[in-house]
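In: okay, predicted coordinates and the sequence, questions at the end:
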Amino acid sequence: MGYRIFAIGGERAALELSCDCPSHREGAGRAWFDCGTNEGNLALALATGWTQRRNDKGAWLCPQCAGKIDGKRIKAQANLVKVGA
């Protein structure tokens, strides 16, 4: 789970991300990125919706799980606004 950088051929490296959300159980989402540089791989992963968890270095959420968490957070904030209005 989390991330792994591995070599492809001679000088190329790819980034593998695995979703750390427990809702996946054994079928955790996994993706591979190969843009030529580690920075490019990370930029592509972030652009496609992968999110690093703030409370745990190295733990990642797939786009589906990250969207669920963001949706709950937005909904909770909306409820606070309604109550306080």
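Out: Alright, I've got the coordinates.
In: show me what contacts the nearest residue to residue 61 once chain neighbours are set aside?
Out: Of all residues not flanking residue 61 in the chain, residue 51 sits nearest, at 4.8 Å (C-beta to C-beta, 6 or more residues apart in numbering). Any C-beta I mention is one placed from the backbone N, CA and C, and that applies to glycine too. Shown in contact with residue 51 (C-beta atoms under 8 Å, 6 or more residues apart in numbering): 60, 61, 63, 66.
In: now, those residues that are in helices?
Out: Residues of the contacts of residue 51 located in helices (DSSP state H): 63, 66.
In: so which of the contacts of residue 51 comes closest to residue 4?
Out: Residue 4 lies nearest to residue 60 out of the contacts of residue 51, by C-beta to C-beta, at 10.7 Å.
In: not including adjacent chain positions, what is the nearest residue to that closest one?
Out: Closest residue to residue 60 apart from its sequence neighbours, by C-beta to C-beta, 6+ apart: residue 17 at 5.0 Å.
In: so the one you found touches residue 30, yeah?
Out: Yes - Residue 17 lies in contact with residue 30 (C-beta atoms under 8 Å); the separation is 6.9 Å.
In: just list whatever residues bridge to residue 33.
Out: residue 15 (DSSP bridges).
In: please report how far it lies from residue 40.
Out: The span separating residue 33 from residue 40 equals 8 Å under the rule C-beta to C-beta, to the nearest Å.
In: which residues pair with residue 6 across the strands?
Out: residue 14.
In: pLDDT wise, what is it at?
Out: Residue 6 carries a pLDDT value of 87.
In: surely it touches residue 33?
Out: No - shown here, residue 6 and residue 33 do not form a contact pair, counting by C-beta under 8 Å, at 11.3 Å.
In: give me the common contacts of these two.
Out: In contact with both residue 6 and residue 33: 14, 16, using C-beta under 8 Å, 6+ apart.
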